[in-house]
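J.: quick one, structure for this:
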Amino acid sequence: MPLKVYDTLRRKKLLFRPQVKGEVGMYVCGPTVYDDSHLGHARTYIAFDIIVRYLLYRGYKVNYIVNITDIDDKIINRARELGISPIDLAIKFEKIFMEDMESLGIRRANMYPKVSDHIPEIIGMISTLIERGYAYIVDGDVYFDVTKKTDLGKLSHQTLDEIRAGARVEVDERKRNSADFALWKKAKRGEPFWESPFGQGRPGWHIECSAMSMKYLGRQFDIHGGARDLIFPHHENEIAQSEAYIGEAPFVKYWLHTGFLTIKGEKMSKSLGNFITIRDLLNKYEADSLRLFLASTHYRSPIDYSEEALQQATQSLRRIRDTLDNLGQAIRVGNMVVQGEEEKKIEEHILAFKKRIFDAMDDDFNTAKALAAFFELVRIGNVAVSRKVSLGLLRKIRDSIIELGGIFGLRLETVEELPEEAKKLIEERDVARKNKDWRRADEIREKLREMSITLRDYPTGTTWFFEKKDRQDKRTSFQGKIGQRI
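T.: Numbering: from 1, shown residues only. So this is what the prediction gives:
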């Protein structure tokens, strides 16, 4: 079955045909680093992590880019509240974000470009838009003239009048149109700024993604993703300025957006104050439990958070691990009896469930249907143990569960023992953490990573797993062998 994806712009599922056969360029809007990441962020980044994993599984070479917004009004305002510099605040929360992504078992993107490192590219793009008549300067600010793009609103399916009426910006009489958006903001007293042909200032929000995505993926690329609330105005404006800059369309072939994560039907967000941080949740549940919970709903659909749902996901994770334990025990005993017809039926079931998983994932990455088939495969594992089938078939089922679980980012492989040196380092790190010597604890974590061992901390102990090298680009994948808590 060919892969189909739902394109937000054209509002339908389309055959997936990347610009370069076998290669995918993918850009997902990253965080504005001014606070801890919450479960709404986890929903988006786990969803796209699964998409990347499946594309890699299908044999694509994926160039995956996630940006970091490290200069923004929210960062400046939060830094002022805390009495620290915006740069220090951004560095702090960027580090926390990266640690959270690692704790969630999310593969590292090929690159995490930061706005502050790409000011020349941003200034160059703004200058070109001014030269071509799409942007104008007013007292050090630069605005994009929305009337110059006749197809503005095509992503959010709004007319220009509707966009003007719903413009969520402060009224500025200097602008030609109420919906014109900032490309460059004139520096205010006490704010960070860069020199530019337009005066001292900093980039507007939308222009950063256009500049960075084009630098690393080219003027036109395959997939642009983000949460649903970015469709308007962020992605809408991004399309307008990008296509004005390159002089052709489309800027992006497929637009993918994740549904909201809600609590009691209300969107989870920092502005509403109803958010749960990733760190708080991982103090109670494993990342794989969260993955199962999120993957149980299609990425485009809203999902409502509840403790009950997380507990059910935890039980499901235990069920998978118990099945793998049973299969492993049966393989170690090695006294199975071959049941000819029974084995043939089980083999047919395995193939059927695998096909259902692939068909579901090929249908716009439908993890909900894929997981249902995956749990049928888990059930077959227990049936095989009870029916005493051959060792070869037991190994095949076990390996299939581990392999296919990897598509969802589940880390299911087990190993018996850690190297002695690693054990001693983990024990030393545990003492350092108890003594709140975080610097030494971080040094030990990095040393273990050099040994291809990654740690994850829980209240009940530390989980470790070996890293693997990706077959295609040799980058580190966090889909490795997971060790027991110690």
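J.: mind listing the residues bridging to Leu256?
T.: Gly225 (DSSP bridges).
J.: could I get the contacting residues of Arg78?
T.: Applying CB atoms under 8 Å, 6 or more residues apart in numbering to Arg78 gives the contacts Tyr34, Asp35, Leu89. All C-beta atoms are positioned from the backbone trio N, CA, C, and that covers glycine.
J.: ok, 6 Å please
T.: By CB atoms under 6 Å, 6 or more residues apart in numbering, the contact set of Arg78 is Tyr34.
J.: please name the nearest non-neighbouring residue to His235.
T.: Leaving aside its sequence neighbours, His235 sits nearest to Leu155 (CB to CB, 6 or more residues apart in numbering; 5.7 Å).
J.: surely that neighbour and Glu236 touch.
T.: Yes - applying CB atoms under 6 Å as the test, Leu155 and Glu236 come out as touching, 4.9 Å apart.
J.: Arg300 in helix, strand or coil?
T.: Here Arg300 is recorded as coil under DSSP: H, G, I helix; E, B strand; the rest coil.
J.: give me the neighbour count for the nearest residue to it once chain neighbours are set aside.
T.: Using CB to CB, 6+ apart and skipping residues adjacent in sequence, the residue nearest Arg300 is Gly259, 5.4 Å away. Burial of Gly259 is recorded as 18 neighbouring residues (other CB atoms under 10 Å).
J.: now do the helices in the stretch 251-400 of the chain.
T.: With helices called from DSSP state H, counting those that start in this stretch, the stretch 251-400 of the chain shows them at 278-282, 287-295, 307-333, 340-362, 367-387, 391-405.
J.: can you give me how far the shortest one is from the chain middle?
T.: It stands for helix 278-282. Its chain's C-alpha centre and that of helix 278-282 lie 16 Å apart, by CA atoms, centre = their mean, to the nearest Å.
J.: can I get the CA coordinates of it in CSV?
T.: What follows is helix 278-282, C-alpha atoms only, in CSV (Å, rounded to 0.1, in the frame of the first residue of the first chain):
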residue,chain,number,x,y,z
ILE,A,278,6.8,16.8,31.0
ARG,A,279,9.1,16.5,34.0
ASP,A,280,6.2,16.3,36.4
LEU,A,281,4.5,13.6,34.4
LEU,A,282,7.7,11.5,34.1
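J.: one step back: for Arg11, see how far away the residue nearest to Arg300 is.
T.: Noted for Gly259: a distance of 15 Å to Arg11, by CB to CB, to the nearest Å.
J.: try Ser210
T.: In terms of CB to CB, Ser210 sits 23 Å off from Arg11.
J.: looking at these two, which is more packed in?
T.: Ser210 (26 against 9).
J.: once you drop chain neighbours, what's closest to the more buried one?
T.: Once flanking residues are discounted, Ser210 sits nearest to Ser242: 4.5 Å by CB to CB, 6+ apart.
J.: please parse this protein into its domains.
T.: Domain assignment for the chain by automatic domain parsing gives 4-283, 316-408, 420-482.
J.: closest one to Leu310 among those domains?
T.: Closest to Leu310 of the domains of the chain is domain 4-283 (CB to CB; 7.8 Å).
J.: tell me how far the ends of the closest one are from each other?
T.: Taking CA to CA, to the nearest Å as the measure, domain 4-283 stretches 37 Å from start to finish.
J.: ok, now how distant is Ala384 from Glu238?
T.: 51 Å.
J.: which one's more surrounded, those two?
T.: For Ala384 and Glu238, the more surrounded residue by other CB under 10 Å is Ala384, and the numbers stand at 28 against 24.
J.: list the contacts for the more buried one?
T.: Ala384 makes contacts with Ile346, Leu394, Ile397, as judged by CB under 6 Å, 6+ apart.
J.: make JSON lines out of the helices of the stretch 251-400 of the chain and add mean pLDDT and distance to Ile84.
T.: Formatted as JSON lines, the helices of the stretch 251-400 of the chain follow (pLDDT from 0 to 100; distance: least, CB to CB, whole Å):
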{"stretch": "helix 278-282", "mean pLDDT": "94", "distance to Ile84": "20"}
{"stretch": "helix 287-295", "mean pLDDT": "96", "distance to Ile84": "30"}
{"stretch": "helix 307-333", "mean pLDDT": "90", "distance to Ile84": "34"}
{"stretch": "helix 340-362", "mean pLDDT": "92", "distance to Ile84": "44"}
{"stretch": "helix 367-387", "mean pLDDT": "94", "distance to Ile84": "40"}
{"stretch": "helix 391-405", "mean pLDDT": "92", "distance to Ile84": "42"}
